[in-house]
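no FASTA, just this:
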């Protein structure tokens, strides 16, 4: 028995690694005026056979909020947890790569099931990559996180009576293209289209109509489109990468948004990478959004909203990020390739949400098996 | 001012897309071969954000901003009240 164990151990030690993978551990802290989020997460990616790559993730969102829009009563903060898990697989077939992924998310008042598929093809000696993908998300919304004594009912749409929960279905498609334009420059574009059908209000939020508060009523249909373009350029002499991106967004609720972004990534030796990012965001308000609604105008009050996300506002984001390889700390073996990362982000928002701070710490550990 | 910009920007965006797609279609003229792609393989030139970072960023922005999308996958999950 002891000999068998020794032989088995020797075989294991001598067997060549069958594949590579990475395991990433990340912790995120988010803070704004009335809400604090802590999110630990795990992400794994590993080779599955010669042509396959499998991925998986698990995360917990711990949201502490005193906002009435999250169900808090009398501005008393309470904590709610959201759990999310996802799996994915992609397979290379010559010039083509096809894949699928699924995820499930649950919290006391919201459940979501998502499944999607994607494919891409490499053309022109892999100088051009074209991608296409799509997915569907079947969600259920309720008011189960209400902290007050009264349990709310939801009006799934204007035709139905009150219910304890309502469905929301999201169908999305995207297409993307990237093109190498020189040995140190690459550009890319993408188009996303999604359509939402179902309950899209916040069950806890109320709008001011005349002198009274009325439960939020949003349209039950929304079509969203986003067009994005990116360009990356690497300056060889200084080891600097410049990344410019722009996104234009529009939807059937007449929200239009522009998001230009600039990132500078600087190599510091072989082991360290530091980056700075600036992002500007501006949007128009939804056609039915008002700060206060007139009481006797049925046209105007068909839909009422108190959602800050549907108002007109601008925002600025500044981010600093540092990535350091384990080698820089003198680590050897698998820890030499481990990547330590920290991010600090400050968001200035000209709306009722106010400013926000986001901090990440992460460790990505390579492994083989 | 934003509204004025919004009126003509779709055409500008379409022009950008047309330009990039033309560049893609003309890739037969400028082919960067595998041995010339050392710089393009750098992390910052491919995708310098980890999956977890990108996922949190998308989720966080979706709970603060009215515009979503542009990252290639719909939401799934709320946590956004």
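Perfect, thanks for sending it. Not measured: the values here are computed from a predicted model.

I'd like the distance between residue B:37 and chain A.
7 Å (C-beta to the nearest C-beta, to the nearest Å). (Glycine included, C-beta is placed from N, CA and C.)

What is the burial count for that residue?
By the criterion of other C-beta atoms under 10 Å in any protein chain shown, residue B:37 has 17 neighbours.

So it sits against residue A:185, correct?
No. Using C-beta atoms under 8 Å, residue B:37 is not in contact with residue A:185; the gap is 11.4 Å.

If you count neighbours, what's buried in stretch A:344-355?
A:345, A:347, A:349, A:353 (16 or more other C-beta atoms under 10 Å in any protein chain shown).

I meant to write stretch A:175-189 there.
Those would be A:176-181, A:183-189, for stretch A:175-189 by 16+ other C-beta under 10 Å.

is any part of that stretch close to chain B?
Yes. Using C-beta under 8 Å from any C-beta of the partner chain, stretch A:175-189 comes into contact with chain B via A:176-177, A:179-184, A:186-189.

could the residues you listed go into JSON lines alongside secondary structure?
What follows is the residues of stretch A:175-189 next to chain B, written out as JSON lines (DSSP: H, G, I helix; E, B strand; the rest coil):
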{"residue": "A:176", "secondary structure": "strand"}
{"residue": "A:177", "secondary structure": "strand"}
{"residue": "A:179", "secondary structure": "strand"}
{"residue": "A:180", "secondary structure": "strand"}
{"residue": "A:181", "secondary structure": "strand"}
{"residue": "A:182", "secondary structure": "strand"}
{"residue": "A:183", "secondary structure": "coil"}
{"residue": "A:184", "secondary structure": "coil"}
{"residue": "A:186", "secondary structure": "strand"}
{"residue": "A:187", "secondary structure": "strand"}
{"residue": "A:188", "secondary structure": "strand"}
{"residue": "A:189", "secondary structure": "strand"}
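
List just the nearest of those to residue A:244.
residue A:187 (9.6 Å; C-beta to C-beta).

Run through chain B and note the low-pLDDT ranges.
Scanning chain B for pLDDT under 70 picks out B:1-29, B:69-81.

mind running it again at 80?
For chain B, applying pLDDT under 80 flags the ranges B:1-30, B:47-48, B:69-81.

for chain A, same thing?
Judged by pLDDT under 80, the stretches of chain A that qualify are A:1-18, A:66-78, A:144-152, A:158-162, A:296-300.

So what pairs up with residue A:133 in the strands?
For residue A:133, the beta-bridge partners are residue A:118, residue A:174 (DSSP bridges).

thinking it is in contact with residue A:116, fair?
Yes. Applying C-beta under 8 Å, one finds residue A:133 in contact with residue A:116, separated by 6.3 Å.

Now for residue A:237, how many residues are close by?
Neighbours of residue A:237 using other C-beta under 10 Å come to 5.

same question, the one 5 residues further on
Applying other C-beta under 10 Å, we find 15 other residues in the vicinity of residue A:242.

What strand or helix carries it?
strand A:240-251 (DSSP states H and E).

That strand near chain B at all?
Yes. Applying C-beta under 8 Å from any C-beta, one finds strand A:240-251 touching chain B at A:241, A:243, A:246-251.

Report the contact partners of residue 61.
In the absence of a named chain, chain A is used. By C-beta atoms under 8 Å, 6 or more residues apart in numbering or on different chains, the contact list for residue A:61 reads A:37-39, A:81-84, A:107, B:79.

that answer is for a different chain, and I need it for chain B
Per C-beta under 8 Å, 6+ apart, neighbours of residue B:61: residue B:68.

quick revisit: grab the two from the buried residues of stretch A:175-189 that are most spread out in space.
Greatest spacing in the buried residues of stretch A:175-189, by C-beta to C-beta: A:176 and A:183 (22.0 Å).

so which residue of the stretch 51-200 of chain A comes closest to chain B?
residue A:105 (3.0 Å; C-beta to the nearest C-beta).
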